[in-house]
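Enquirer: Sequence and predicted structure are below.
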Amino acid sequence: MIDNLDYSAQISFIDIREYLPSIDPENLSDKDILDILLYLFSQIAGFRDRGHELNNKETAWVNGILFRLNLRRDEDINEYFVVERIGSSMDKIALLSD
């Protein structure tokens, strides 16, 4: 089963500090990356977490898809992360729960 949801998302450092206060956006761990992705995806209509796993301090697997958080700065020097879909693994997708 291929996931056709639009995973486009972004989150500012300010929002991370407000909605995920246990996470320091300037010093992310593997678990923090996954927690941020799951938080963002939980706001997408139709999203269902069928399986996820930690990967590293930049990427995490959700529903058999590898995602990266990319750091960006706007013109006012506000920092935020943008979600990038890197790829998917048919092996990981085959192991997902229904």
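Expert: Structure received.

Enquirer: May I have the beta-bridge partners of A60?
Expert: Beta-bridge partners recorded for A60 (DSSP bridges): L54, F67.

Enquirer: That one contacts L40, doesn't it?
Expert: No. The criterion here is C-beta atoms under 8 Å, and A60 misses it with L40 at 11.3 Å. The way it works is simple: take the backbone N, C-alpha and C, and place the C-beta from them, glycine included.

Enquirer: Tell me where this protein has strands.
Expert: Counting by DSSP state E, the chain has strands at residues 10-12, 52-54, 59-62, 65-73, 79-88.

Enquirer: which helix is the longest one in this protein?
Expert: Using DSSP state H to define each element, the chain has its longest helix at helix 30-41.

Enquirer: Let me have the strands of the chain in JSON lines, extended by mean neighbour count and mean pLDDT.
Expert: JSON lines is the format used below for the strands of the chain (neighbours: other C-beta atoms under 10 Å; pLDDT from 0 to 100):
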{"stretch": "strand 10-12", "mean neighbour count": "16", "mean pLDDT": "96"}
{"stretch": "strand 52-54", "mean neighbour count": "15", "mean pLDDT": "94"}
{"stretch": "strand 59-62", "mean neighbour count": "21", "mean pLDDT": "95"}
{"stretch": "strand 65-73", "mean neighbour count": "16", "mean pLDDT": "95"}
{"stretch": "strand 79-88", "mean neighbour count": "15", "mean pLDDT": "95"}
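
Enquirer: Among those, which comes closest to L20?
Expert: strand 10-12 (8.6 Å; C-beta to C-beta).

Enquirer: contacting residues for the residue nearest to the spatial centre of the chain?
Expert: Nearest to the geometric centre of the chain sits L37, at 2.3 Å (C-alpha atoms, centre = their mean). Taking C-beta atoms under 8 Å, 6 or more residues apart in numbering, we find L37 in contact with H52, A60, V62, F67, L69, V83.

Enquirer: go again using 6 Å as the cut-off
Expert: A60, V62, F67 (C-beta atoms under 6 Å, 6 or more residues apart in numbering).
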